[in-house]
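**Q** sequence and computational prediction follow.
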Amino acid sequence: MLSSPSPIIYQLFLRAFTPQGTFVSAKKLIPHIASLGVDIIYLCPVALADDDPDLSRFSERQMKSGFGNPKNPYRIKDYYTIDPEYGTDAELAGFIDEAHRLGMRVILDLVYFHCGPSAVFIADHPDYVMRGADGSVIDGQWHFPRLNFECADLRRYLIDNMLWLVSDIGCDGFRCDVGDGVPVDFWEQAREEVSAVKPDIFMLNEGSRPEMMKKAFDACYGFGWQHVIHKIAEGEKKASEIAQHIEGERARLPEPDMIGCELRNYDNHDIANDDYDDRFEKRVGQRCAEALTVLDFTVPGIPFIYNGNEIGDTARHSIFASREKGGSCVIDWSYALTDGGKRRMETIKKLSALRRELPSLSMGDIAFIENDRPDEVISFVREYDAGIGSGLIRSAEEPDSSSVVINMSDRPLTVNIASESDFDAVYIESGTQRSFNGKTLRIDMLPWGYIAGRM
């Protein structure tokens, strides 16, 4: 069980967030993000991207996008320069200051697995990148030079980069791209040094190696969670596989309670980028995405909102499209004015408030409840022993308990759960009707219907 509530993270990709794609324009929408109950804003890379036009040094995804833009934000030319596409150092610091004013932290994306082919340090420090026996640069899987962590000077260079971003720019932590591909001892040393400057630093690993969670990182993610819930949403997997996945996480992580440190999301910059004109939410529909949002906010883990998810945006996004080359792939903010967009925002606000009000939904352990429709329905209870008195939970002497039932299918159905009680408080609900005979709770559920409350 976590000793403190897990945060809610909002991923902000500047190129897609506003028509201008800048810190200044994004800063105007920080109050909107705060209104969702977000704790941490995660900015995609803002360091100077490599402008090398050699197509042989593009990744396959970069080529497939069709934009022909060399400036891939995950192909860094200079780690110590903020890309003028987004603004200045001062404007980034101003963005962070505004987030702080509204009670949120900001983490920046670090890309330390590889660098751009014309990175500014390669000529003067050839040993900063991995090289073969013949002296040629060794590329990673995306055709970008691999950084050489056998080089002590490179390690110093990168840790100093993190210290600069914390001390001078003012960020509160980092999301570490391909973190599993970087030696764990580097991350542990970096964590120790940066924590000496900012003790409450937040570190998020893109990866699932359990040793990364012992000292270096506070949170982590692979793509297993998204794979499972996507396949369920598309009718290719069963709802019961959610429980199997979470129990697999529990077994893999260094401590069982660390399942509360796993990200929970159905979308991010990678998924949105690769979906092209057929975004996931467009395929499965708003009600499905709403049910997945409820799932992400109620299972153990860290709820994660990708920019635009809060209004049901389905516009094309691409990490390779910029205003300078390729055109603009931007959130369609008009969705915020639709009934569906308004409903999604209210759902997220309600779920965020519940996680703050109910320790069971942010820190509680999980137990899966048997039901007679395990292929379609997920049902579970989360309980936090140190109950805190409030208007929603029991008295301070009784455990805080939250029960959740979600129809993970596009079909109406009836599910029966053996139970000694009905819900005596409903926190959030959509598309359900209940009856209780003293032994069995019967719930009639519309497609993607759900209920969460106290039983």
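**A** Cool, got the structure.
**Q** show me where the stretch 1-150 of the chain has strands.
**A** Counting by DSSP state E, counting those that start in this stretch, the stretch 1-150 of the chain has these strands, from start to end: 9-12, 40-43, 47-49, 76-82, 105-110.
**Q** columns distance to Lys237, mean neighbour count and mean pLDDT on top of the ones you listed, output as CSV?
**A** Using the backbone N, CA and C atoms, a C-beta is placed for each residue, glycine as well. Listed next are these as CSV, based on distance: least, C-beta to C-beta, whole Å; neighbours: other C-beta atoms under 10 Å; pLDDT from 0 to 100:
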stretch, distance to Lys237, mean neighbour count, mean pLDDT
strand 9-12, 25, 25, 98
strand 40-43, 28, 24, 98
strand 47-49, 37, 23, 98
strand 76-82, 37, 19, 98
strand 105-110, 30, 23, 98
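**Q** dump those strands to CSV, plus distance to Ala34.
**A** Supplementary listing: the strands of the stretch 1-150 of the chain in CSV, determined by distance: least, C-beta to C-beta, whole Å:
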stretch, distance to Ala34
strand 9-12, 9
strand 40-43, 9
strand 47-49, 26
strand 76-82, 23
strand 105-110, 12
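**Q** out of those, the one nearest Ile30 is which?
**A** strand 40-43 (7.6 Å; C-beta to C-beta).
**Q** could you find the closest non-adjacent residue to Ser195?
**A** Taking C-beta to C-beta, 6 or more residues apart in numbering as the measure, Ser195 lies nearest to Ile201, with 5.3 Å between them; neighbours along the chain are not counted.
**Q** list the contacts of the one you found.
**A** Ile201 makes contact with 166, 172-174, 191, 194-195, according to C-beta atoms under 8 Å, 6 or more residues apart in numbering.
**Q** what of Ala291?
**A** Residues touching Ala291, when contacts are defined by C-beta under 8 Å, 6+ apart, comprise 406-408, 430, 448-450.
**Q** that's a strand at it, yeah?
**A** No. For Ala291, which was evaluated using DSSP: H, G, I helix; E, B strand; the rest coil, the result is helix, with no strand membership.
**Q** helix, strand or coil for the nearest residue to it once chain neighbours are set aside?
**A** In space, not counting the residues next to it along the chain, Ala291 is nearest to Trp448; the distance is 4.0 Å by C-beta to C-beta, 6+ apart. Classification of Trp448 using three-state DSSP returns strand.
**Q** what does the pLDDT read for Trp448?
**A** Trp448 is assigned 98 on the pLDDT scale.
**Q** one more: Gly327?
**A** 72.
**Q** what does the one 3 residues further on give?
**A** Per-residue pLDDT puts Val330 at 95.
**Q** what's the local residue count around it?
**A** 20 (other C-beta atoms under 10 Å).
**Q** now do the contacts for it.
**A** With the criterion set at C-beta under 8 Å, 6+ apart, Val330 makes contact with 15-19, 21, 315.
**Q** repeat that for Glu290.
**A** With contacts defined as C-beta under 8 Å, 6+ apart, the neighbours of Glu290 are 343-344, 347, 430, 448.
**Q** against Gly312, how distant is it?
**A** Relative to Gly312, Glu290 is positioned 8 Å away (criterion: C-beta to C-beta, to the nearest Å).
**Q** any shared contact partners between the two?
**A** Applying C-beta under 8 Å, 6+ apart, one finds that Glu290 and Gly312 are jointly contacted by Arg344.
**Q** farthest pair within the contacts of Ile201?
**A** The widest separation within those (C-beta to C-beta) is 13.6 Å, between Asp172 and Arg191.
**Q** mind pulling up the pLDDT for Asp277?
**A** Per-residue confidence (pLDDT) for Asp277: 74.
**Q** so what pLDDT did the closest residue to it other than its chain neighbours get?
**A** Using C-beta to C-beta, 6+ apart and skipping the chain neighbours, the partner closest in space to Asp277 is Arg316 (5.4 Å). The model reports Arg316 with a pLDDT of 93.
**Q** run a quick neighbour tally on Arg316.
**A** 19.
**Q** for it, give me its contacts.
**A** If a contact means C-beta under 8 Å, 6+ apart, then Arg316 has 276-277, 279, 329 as its contacts.
**Q** and Thr314, how far from Ile107?
**A** For Thr314, the distance to Ile107 equals 26 Å [C-beta to C-beta].
**Q** one more: Ser379?
**A** With C-beta to C-beta as the criterion, Ser379 and Ile107 are 34 Å apart.
**Q** biggest helix in this protein by residues?
**A** helix 339-357 (DSSP state H).
**Q** pLDDT of that helix, averaged?
**A** Averaging the model's pLDDT scores along helix 339-357 yields 97.
**Q** contacts for that helix, please.
**A** Looking at what lies outside helix 339-357 - C-beta under 8 Å, 6+ apart - the contacts are 5, 8, 35-38, 286, 289-290, 293-294, 297-298, 303, 305, 309-312, 335-336, 361-362, 390-393, 402, 427-428, 452.
**Q** can you pull out the helices in the chain?
**A** For the chain, the helices defined by DSSP H occupy 14-17, 23-27, 30-35, 60-64, 89-101, 152-164, 184-197, 224-233, 240-252, 269-275, 280-284, 286-298, 339-357, 359-363.
**Q** can you get me the start-to-end distance on stretch 218-225?
**A** Taking C-alpha to C-alpha, to the nearest Å, the first and last residues of stretch 218-225 lie 18 Å apart.
**Q** hmm, who's touching it?
**A** Contacts to stretch 218-225, defined as C-beta under 8 Å, 6+ apart, come from residues 6, 173, 179, 202-208, 212-213, 245, 248-249, 261-265, 270, 301-302, 304.
**Q** out of the residues you listed, which end up buried?
**A** When burial is judged by neighbour count using 16 or more other C-beta atoms under 10 Å, the buried members of those are 6, 173, 179, 202-208, 212-213, 245, 249, 261-265, 301-302, 304.
**Q** contacts for stretch 417-429?
**A** Residues outside stretch 417-429 that contact it (C-beta under 8 Å, 6+ apart) are 294, 347, 350-351, 354, 358, 369-372, 379, 392, 402-403, 405, 434, 436, 439-441, 443, 450-455.
**Q** the strands in the stretch 351-455 of the chain, which residues?
**A** The residue ranges that make up the strands of the stretch 351-455 of the chain, judged by DSSP E, counting those that start in this stretch, are 365-368, 377-384, 400-407, 413-418, 425-436, 440-454.
**Q** contacting residues for Asp274?
**A** Arg61.
**Q** nearest spatial neighbour of the residue most central in space within the chain, chain-adjacent residues omitted?
**A** In the chain, the residue lying closest to the centroid (C-alpha atoms, centre = their mean) is Phe304, at 3.9 Å. Once its chain neighbours are removed from consideration, Phe304 has its nearest residue in Asn265; the separation is 3.7 Å (C-beta to C-beta, 6+ apart).
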